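J.: After the sequence you'll find the predicted model.
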Number of protein chains: 2
Amino acid sequence: MNVTSTSAPVLSPEASAITAPTQFIETRLETYGYRRFGGGAGLPLVFLQHFTGTLDNWDPAVADQLAGGREVVLFESAGVGRSSGDVPTTIAGMTEHLFAFADALGLTQIDLLGFSLGGMVAQQASLERPSLVRRMLLVGTAPKGGEDIMHLEKPELRKILEDPSLSGYQVLVKLFFTSSESSQAAGQAFVTRLGARTQNREPGSGPKVAQAQIAAFRAWEGIEGERFGELRRIAQPCLVVNGMLDTMIPVRNSYILAEHLPNAMLLIYPDAGHGSLFQFPGSFVRQATLFLDS
Amino acid sequence: MNVTSTSAPVLSPEASAITAPTQFIETRLETYGYRRFGGGAGLPLVFLQHFTGTLDNWDPAVADQLAGGREVVLFESAGVGRSSGDVPTTIAGMTEHLFAFADALGLTQIDLLGFSLGGMVAQQASLERPSLVRRMLLVGTAPKGGEDIMHLEKPELRKILEDPSLSGYQVLVKLFFTSSESSQAAGQAFVTRLGARTQNREPGSGPKVAQAQIAAFRAWEGIEGERFGELRRIAQPCLVVNGMLDTMIPVRNSYILAEHLPNAMLLIYPDAGHGSLFQFPGSFVRQATLFLDS
């Protein structure tokens, strides 16, 4: 492991998602990789990552702009990238790692940007430890008991995942963006930005990570008690964001979130898929900033 | 009729929704009342009003702020307020009056803010004369063939409309806002702002206006050809806005609009009803400005 530090967190106000060193922190559970940069009046904004994503999957156009007004903390959960341990097979298990991470860094109140899988962890965190979470950006995600969550066996997704002509980030261009010319162009711009980080990158996720996270999605689809009833207990202001044509976690999950969360604004982008925040980074950052600063 | 002018439109850059004179313009169809104020780099933004609303029903907090970047033109269609003629019983009929008005004023390209009934006229106008309409704000409205549009006979609405203790604008506070304390407080602030215009007000709408407009709603609910198919022909960028708890034109109509319009962003406010734009005028104006200026 190329460990930059496990004990003395270094703040890098001049750094960005492209250049911020990967740091490591030992906690009561595991040792987690993270990157921390930016600053300003806002609370630290912790980024919770999507299915199989590592620290390298955060778009600098989103992270760096948001880091202009607050610290951005990219968190890599157990078993992903160079974080130690195994990927939990439940959202609640992943949330325990977020708590161990926040406690070790001394973060007592934060905002969360939870994308896809990360949005589920954000919801769980706000339920289990409401004092920790002030506001949440819930992007391309679903409530507990949601519908059609990350069924990679669906023909339209399998077609992309099994396409031998697609490799590396090109899979993301197809999965996260629509087939329109402008959405595909935005997808190419996104992966070019991801590629701008050339040093100190994380190892990609293998099948073990994917299998555990898929198990967590399946468990999250299960209904316990009153369906969506837990959402009523999430008092935090939320901004729920999605692309209208998301094939991985369809938009009706975002409708359900906004309908049941007591204080959620809903924002849906046209001609956009799962990666709406990366398709419209300028708009997303404006909206997120308005929401976080209001 | 207290007619300020029927022939020489006066621009009132210093005026506002509270003080702008009501002007009148004679056209090939009828003579329409309107108010015109503000200015800036943006296209003129024409406001299309809700069920039984007159020129006096536009919130100065919305109209005046938007008038800071463009001319705002409040339009009173046939048979409403002091505009001549009869209220048409179809949206297409109302749209003819909008065209006659725009032509008489020499407006060849405009943006539209269509609220409720006005949002239906906006959709029809963009279909019939796409060159006239650049962008549309569609607030608390429904597509042709939409669901549960202004059924005032529903128990929750009838209870408000038949409450003898509610008079004047207090009916709007109940109809346009939710029952929460903060929404009701916003409703009272809204009607206080409406009351700030004390001079040169319009006569309120009577049963004849209401009956014709209700007939237009019933016709608009009808399905002709492929349901929602016409929306695919509306190429204009749209911002679709609603309150999550709208009881007059429920939010699923906004979902349908955004799902079928090729280029619509969807924005839904929490704990808000039909009058979401008046409950959150600051946020709405920011969003509308971002949209109109982008």
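T.: Sure, I can see it. Numbering: from 1, shown residues only, chains lettered A, B, ... in the order given.
J.: residue contacts, the residue in the stretch 51-200 of chain A that chain B sits nearest to?
T.: The stretch 51-200 of chain A approaches chain B most closely through residue A:180 (9.6 Å), counting by Cβ to the nearest Cβ. To be clear about C-beta, it is placed using only N, CA and C from the backbone, and glycine gets the same treatment. Residue A:180 makes contacts with residue A:271, as judged by Cβ atoms under 8 Å, 6 or more residues apart in numbering or on different chains.
J.: Got the confidence number for it?
T.: Confidence at residue A:180, expressed as pLDDT, is 98.
J.: what are the phi and psi values for residue A:109?
T.: Main-chain torsions, residue A:109, degrees, to the nearest 10: phi -150, psi 130.
J.: now do residue A:73
T.: phi -120, psi 110.
J.: Would you confirm that it contacts residue A:47?
T.: Yes: contact status for residue A:73 versus residue A:47: in contact at 6.9 Å, counting by Cβ atoms under 8 Å.
J.: Please report the distance of the closest residue to residue A:44 other than its chain neighbours from residue B:91.
T.: Distances taken as Cβ to Cβ, 6 or more residues apart in numbering or on different chains place residue A:71 nearest to residue A:44, at 4.3 Å, with adjacent residues excluded. Residue A:71 sits 51 Å away from residue B:91, going by Cβ to Cβ, to the nearest Å.
J.: Let me see the contact set for the residue nearest to residue A:44.
T.: By Cβ under 8 Å, 6+ apart, the neighbours of residue A:71 are A:11, A:36-40, A:42, A:44-45.
J.: Which residues of chain A lie near chain B?
T.: When proximity is defined by Cβ under 8 Å from any Cβ of the partner chain, chain A lies next to chain B at A:244, A:251, A:255, A:258-259, A:261-271, A:283, A:286, A:290, A:294.
J.: Could I have the ChimeraX command that selects the buried members from those?
T.: Applying 16 or more other Cβ atoms under 10 Å in any protein chain shown to the residues of chain A next to chain B, the buried members can be selected in ChimeraX as follows:
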select /A:244,251,255,258,259,261,264,265,266,267,268,269,270,271,283,286
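J.: end to end, how far does stretch A:265-279 reach?
T.: Terminal residues of stretch A:265-279 lie 20 Å apart, using Cα to Cα, to the nearest Å.
J.: now it: how far from the chain's centre is it?
T.: In terms of Cα atoms, centre = their mean, to the nearest Å, the centre of stretch A:265-279 is set 14 Å apart from its chain centre.
J.: Please apply the same query to stretch A:115-128.
T.: Averaging C-alpha positions (Cα atoms, centre = their mean) puts stretch A:115-128 9 Å from its chain's average.
J.: So which bits of that stretch are buried?
T.: Using 16+ other Cβ under 10 Å as the test for burial, stretch A:115-128 gives A:115-127.
J.: and it, average pLDDT?
T.: 98.
J.: and if you look at stretch A:76-84?
T.: Averaging pLDDT along stretch A:76-84 yields 98.
J.: which other residues reach that stretch?
T.: Contacts for stretch A:76-84 (Cβ under 8 Å, 6+ apart): A:1-3, A:22, A:24, A:29-34, A:48-49, A:53-56, A:85-88, A:94, A:97-98, A:101, A:121, A:202-203, A:205, A:208-209, A:212.
J.: Please pick the buried ones from those residues.
T.: A:22, A:24, A:29-34, A:48-49, A:53-56, A:87-88, A:94, A:97-98, A:101, A:121, A:202, A:205, A:209, A:212.
J.: can you pull out the strands in the stretch 51-200 of chain A?
T.: Chain-ordered strands for the stretch 51-200 of chain A, with DSSP state E, counting those that start in this stretch as the definition, fall at A:71-75, A:110-115, A:133-139.
J.: Tabulate the ones you listed (CSV), appending distance to residue B:275.
T.: Listed next are the strands of the stretch 51-200 of chain A as CSV, based on distance: least, Cβ to Cβ, whole Å:
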stretch, distance to residue B:275
strand A:71-75, 37
strand A:110-115, 29
strand A:133-139, 25
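J.: right, and those strands - which one's nearest residue B:238?
T.: Across the strands of the stretch 51-200 of chain A, residue B:238 has its closest neighbour in strand A:133-139 (21.8 Å, Cβ to Cβ).
J.: List the buried residues of that closest one.
T.: By neighbour count on 16+ other Cβ under 10 Å, the buried set for strand A:133-139 is A:133-139.
J.: out of the residues you listed, what pair is the most spread apart?
T.: So, those by Cβ to Cβ: farthest apart are A:134 and A:139, at 17.0 Å.
J.: List the contacts of residue A:123.
T.: So residue A:123 contacts A:91, A:114, A:136, A:138, A:141, A:143-144, A:231, A:234 (Cβ under 8 Å, 6+ apart).
J.: which sections of the stretch 151-294 of chain A are below the confidence cut-off?
T.: Of all residues in the stretch 151-294 of chain A, none has pLDDT under 70.
J.: what about the helices in chain A?
T.: Under the criterion DSSP state H, chain A contains helices at A:60-66, A:91-105, A:117-128, A:155-161, A:170-176, A:181-194, A:207-221, A:252-260, A:276-279, A:281-293.
J.: Can you get me the start-to-end distance on stretch A:76-86?
T.: End-to-end distance for stretch A:76-86: 12 Å, by Cα to Cα.
J.: Then stretch A:272-288?
T.: 17 Å.
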